[in-house]
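Enquirer: What follows is a predicted structure for the sequence shown.
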Amino acid sequence: MSAPTITENTRTDLLRIATAGSVDDGKSTLIGRLLYDSKSIFTDQLEAIERTSAQRGDSTADLALLTDGLRAEREQGITIDVAYRYFSTPERKFIIADSPGHVQYTRNMVTGASTADLAIILVDARKGVLEQTRRHAFLSSLLGIPHLTVCVNKMDLVDYSQDRYDEIVDEFTAFAAKLNVSDVSFIPISALRGDNVVERSEPMDWYSGRSLLGHLEAVHIASDKNLIDARFPVQYVIRPQRGDGLDHRAFAGTVAGGGLTVGDKVVALPGGFGTEVTRIWGPGGTELAEASAGQAVSISLADEIDIVRGDMIVRPGNRPHVGRDLDAMVCWFSESRSVSVGDTFLMLCGTRETRVSVSGLNYRLDVNTLHRDADADELELNEIGRLTLHAQRPMMFDEYRRNRATGSFILIDEATNATVGAGMIGAPVAHDSNVVWQETKVTREHRAYRGATIWLTGLSGSGKSTIATELERRLVAEGRPAYMLDGDNLRHGLNADLGFSDDDRRENIRRTAEVAALFADSGAVSLVSLISPFAAERQRAREIHEARGLTFVEIFVDTPLDDCESRDPKGLYAKARAGQIAQFTGIDSPYERPITPEIVIRPSDGPPAEIAELIIARLGM
Ligand SMILES: Nc1ncnc2c1ncn2[C@@H]1O[C@H](COP(=O)(O)OS(=O)(=O)O)[C@@H](OP(=O)(O)O)[C@H]1O
Ligand SMILES: Nc1ncnc2c1ncn2[C@@H]1O[C@H](COP(=O)(O)OP(=O)(O)O)[C@@H](O)[C@H]1O
């Protein structure tokens, strides 16, 4: 049976709208007007509103009752802070997140707006651009909402004055220039009277643009989505049940970027093992050929890899950052506690949860002036600042501006389980600049042995590990401290978060070089057995040693690819040839041969034991 293909799933038929503004700005009325004039209100609701308005003696239906009714519901159950209203026209479907404008505005706006395509900012024509307007505009830009629509409301109360409107447009434009928003539109409206909401306004014939609804129907959002970076955070692992026809485990989740197609080569992070997508199911179990961002699907993979909730399936050549240190803009929500350096929280980033500690508060931002206060030592309710966080286990993430789903997280108070903050990731952090080198009193002269690093490089199966094992055995037998640092083994622990992309291999080599240098510094002989395919990285490993006065010996285990492949001790070449492992060195990932290694070993040099003898003799150990 052939699976149906979804070629175009950009979901441009749905527009998610966030609204910002306080009750006084007429937000409820505006939403009500949109629903009312686009005939989206259910008749029974409408009758109830007309009844209530009549009871109050109002001459027209008070549309704010539509959303205020929701607010009353909300007050009973504190969990729903953001109300979602749905309506549609023949052009499009709309979801409006109505976040109440009270004291918790940051939380509500962040919660309601984080997936929004467009934010409506309401400005009262009489009051103009207020502190709150700037705050909302800033939050919208921070949240990466691609389109901003400023509705200058209550135009009827300023006699539909074009001058007043132009003044507000100029003032807002001047502020927005400092923000990172690419698309800002302005519409003069009267939500109460319906001017330019759904129908064009007669008294404002000087305005030639679209009505708000016309604008919402027309705004182009297809190109806003990240269709490039395939990201599939695993939410659940579905194990096969007897008789369900599933012969493999399946992994359920929502595609958080790009798309996945049956047959795609993928890797599961942080483990980094490569495999292939074999099947994709949509909701209700329909089999699909592909899935794209926003779709909830389950997938199965060709290999039985150990994947758990919180892991991420991505394409081998396009990976998110994997790391434990990151920099983020954090909005603080908690009334009961502030955040400062040293605090710990649970971080939920996509489906992955880990404990984090705050390792730096770089600055607190004044959202009105955009001034950065670098002296701030905490963030309180509704404040926004840039924090550096250190996670207990590796996190997979993208920069927020690249992917809002994989670039955001929430912070949870471990004691109360309350969500206390939300963050938008700026960048990974390489190291902590506040760390200084701690000198020790024990120098190399005090140690019984001078250490060194013997670095074996070569293709997989070339014999690096076999030779290193022989060397280790001989040296230890002679009482020399020696320790083998094998690529495979390190990848089970220290380097478990790394895969086989060029970047990950570089990091793998860098870390291993650092560890080898520490062992060598302690007086041991580090026996590194790492493919280490890049000349520049091997050179860096050498420099790490030489900078500390440590001996570094590069041994090139020069076994031709054909020999390695016919040995194939782990069956990996066969898998790589069958396309089951991507980026395999020598097959579809490069190996740069060393030009001037200290020693070159060839298969004709004899069995591994003899080779080890030879090396020890050559090095005079
Ligand atoms: N795609 C791909 N390419 C190369 N190797 C792969 C790959 N996937 C898994 N493996 C297994 O991982 C071992 C290599 O790890 P290294 O840390 O030495 O590699 S590297 O230095 O980062 O290039 C290597 O072990 P060795 O055979 O001992 O070298 C393989 O067993
Ligand atoms: N000099 C050699 N001559 C013949 N076979 C070798 C030699 N060195 C290693 N081998 C064999 O080749 C394979 C190499 O595997 P391994 O040492 O794990 O390579 P690598 O370190 O590159 O992963 C082993 O099965 C080993 O017995």
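Expert: Cool, got the structure. Ligands and ions are numbered 1, 2, ... in the order given.
Enquirer: Could you tell me how far the nearest residue to residue 185 once chain neighbours are set aside is located from residue 163?
Expert: Counting by Cβ to Cβ, 6 or more residues apart in numbering, the nearest residue to residue 185 once its immediate chain neighbours are dropped is residue 149, at 4.9 Å. For glycine as for every other residue, the C-beta is placed from the backbone atoms N, C-alpha and C. Distance, residue 149 to residue 163, by Cβ to Cβ, to the nearest Å: 21 Å.
Enquirer: Could I get the full set of strands for the stretch 401-550 of the chain?
Expert: 408-412, 419-428, 452-457, 482-486, 525-529 (DSSP state E, counting those that start in this stretch).
Enquirer: One more: the stretch 51-200 of the chain?
Expert: Taking DSSP E, counting those that start in this stretch as the test, the strands found in the stretch 51-200 of the chain are 83-88, 93-98, 118-124, 147-153, 183-188.
Enquirer: Show me what residue 553 is bridged to.
Expert: Judged by DSSP bridges, the bridge partners of residue 553 are residue 454.
Enquirer: how about the residues of this protein that lie near ligand 2?
Expert: 458, 460-466, 529, 567, 569, 603, 607-608, 611 (Cβ under 6 Å from any ligand atom).
Enquirer: helices and strands around the lengthiest helix in the chain, which ones?
Expert: Longest helix of the chain, by residue count under DSSP state H: helix 502-521. In terms of contacts (3 or more Cβ pairs under 8 Å, 6 or more residues apart in numbering; DSSP states H and E), helix 502-521 is packed against strand 452-457, strand 482-486, helix 487-490, strand 525-529, helix 535-546.
Enquirer: nearest to residue 575, of the ones you listed?
Expert: Within the helices and strands packed on helix 502-521, the stretch nearest residue 575 is helix 487-490; the backing value is 15.0 Å (Cβ to Cβ).
Enquirer: who's in contact with that closest one?
Expert: 465, 508, 511, 512, 515, 529, 530, 531, 532 (Cβ atoms under 8 Å, 6 or more residues apart in numbering).
Enquirer: Give me the buried stretch members for it, please.
Expert: Buried residues in helix 487-490, counted by 16 or more other Cβ atoms under 10 Å: 487, 490.
Enquirer: coming back round to it: make CSV out of the strands of the stretch 401-550 of the chain and add mean pLDDT, mean neighbour count and distance to residue 129.
Expert: Formatted as CSV, those follow (pLDDT from 0 to 100; neighbours: other Cβ atoms under 10 Å; distance: least, Cβ to Cβ, whole Å):
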stretch, mean pLDDT, mean neighbour count, distance to residue 129
strand 408-412, 90, 23, 28
strand 419-428, 86, 21, 24
strand 452-457, 97, 28, 62
strand 482-486, 96, 20, 61
strand 525-529, 97, 28, 62
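Enquirer: do you know which of these lies nearest residue 394?
Expert: Proximity to residue 394 (Cβ to Cβ) singles out strand 419-428 among these, at 10.8 Å.
Enquirer: sorry, back to before: what's the closest of the strands of the stretch 401-550 of the chain to residue 537?
Expert: With Cβ to Cβ as the criterion, residue 537 lies closest to strand 452-457 of these, at 9.8 Å.
Enquirer: near ligand 1, anything from that closest one?
Expert: No: interface with ligand 1: strand 452-457 contributes nothing (Cβ under 6 Å from any ligand atom), its closest point being 8.0 Å away.
Enquirer: contacting residues around that strand?
Expert: Applying Cβ under 8 Å, 6+ apart, the contact partners of strand 452-457 are 464, 467-468, 471, 513, 516-517, 519-520, 525-533, 538, 541-542, 545, 550-557, 594, 597, 615, 619.
Enquirer: Now with 6 Å, please.
Expert: Residues external to strand 452-457 that are found in contact with it (Cβ atoms under 6 Å, 6 or more residues apart in numbering): 464, 468, 516, 520, 525-529, 532, 545, 551-557.
Enquirer: Likewise for stretch 344-353?
Expert: Stretch 344-353 is contacted from outside by 233, 235, 309-310, 354, 356-357, 395, 397, 406, 409-412, 414, using Cβ under 6 Å, 6+ apart.
Enquirer: Find me the pLDDT at residue 362, would you?
Expert: At residue 362, the pLDDT value in this model is 90.
Enquirer: Tell me if I'm right that it and residue 386 touch.
Expert: Yes: the criterion here is Cβ atoms under 6 Å, and residue 362 meets it with residue 386 at 4.2 Å.
Enquirer: more crowded one of these two?
Expert: Remark: of residue 362 and residue 386, residue 386 carries more neighbours, 20 against 15, as counted by other Cβ atoms under 10 Å.
Enquirer: can you pull the buried residues of the one helix or strand the more buried one maps to?
Expert: Using DSSP states H and E, residue 386 sits within strand 384-397. By 16+ other Cβ under 10 Å, the buried positions in strand 384-397 come out as 384, 385, 386, 387, 388, 389, 390, 391, 394, 395, 396, 397.
Enquirer: Spatially, which two of those residues are the most separated?
Expert: Top of the distance list for the buried residues of strand 384-397 (Cβ to Cβ): 384 and 394, 26.5 Å.
Enquirer: Using a markdown table, lay out the helices and strands packed on helix 502-521 together with distance to residue 325.
Expert: Below are the helices and strands packed on helix 502-521 laid out as a markdown table (distance: least, Cβ to Cβ, whole Å):
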| stretch | distance to residue 325 |
| --- | --- |
| strand 452-457 | 27 |
| strand 482-486 | 23 |
| helix 487-490 | 20 |
| strand 525-529 | 25 |
| helix 535-546 | 20 |
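Enquirer: quick one: residue 569 from residue 563, how far?
Expert: Here residue 569 is placed at a distance of 12 Å from residue 563 (Cβ to Cβ).
Enquirer: Which of the contacts of helix 487-490 are buried? Put it as a ChimeraX command.
Expert: Restricted to buried positions by 16+ other Cβ under 10 Å, the ChimeraX selection for those reads:
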select :465,508,512,515,529,530,531,532
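Enquirer: near ligand 1 too, which of the contacts of helix 487-490?
Expert: Answer for these near ligand 1 (Cβ under 6 Å from any ligand atom): 465, 508, 530, 531, 532.
Enquirer: Pull the contacting residues for the fourth one.
Expert: This means residue 531. Contacts of residue 531 (Cβ under 6 Å, 6+ apart): residue 585.
Enquirer: Ok, the first one next?
Expert: For residue 465, the set of contacting residues under the criterion of Cβ under 6 Å, 6+ apart consists of 486, 529.
Enquirer: Swap in 8 Å and give it another go.
Expert: 484, 486, 488, 529.
Enquirer: Make sure the last one is actually in contact with residue 472.
Expert: No: using Cβ atoms under 8 Å, residue 529 makes no contact with residue 472, being 9.8 Å away.
Enquirer: returning to that earlier point: any chance of a markdown table for the contacts of residue 465, columns distance to residue 446?
Expert: Converted to a markdown table, the contacts of residue 465 look like this (distance: Cβ to Cβ, whole Å):
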| residue | distance to residue 446 |
| --- | --- |
| 484 | 25 |
| 486 | 29 |
| 488 | 34 |
| 529 | 29 |
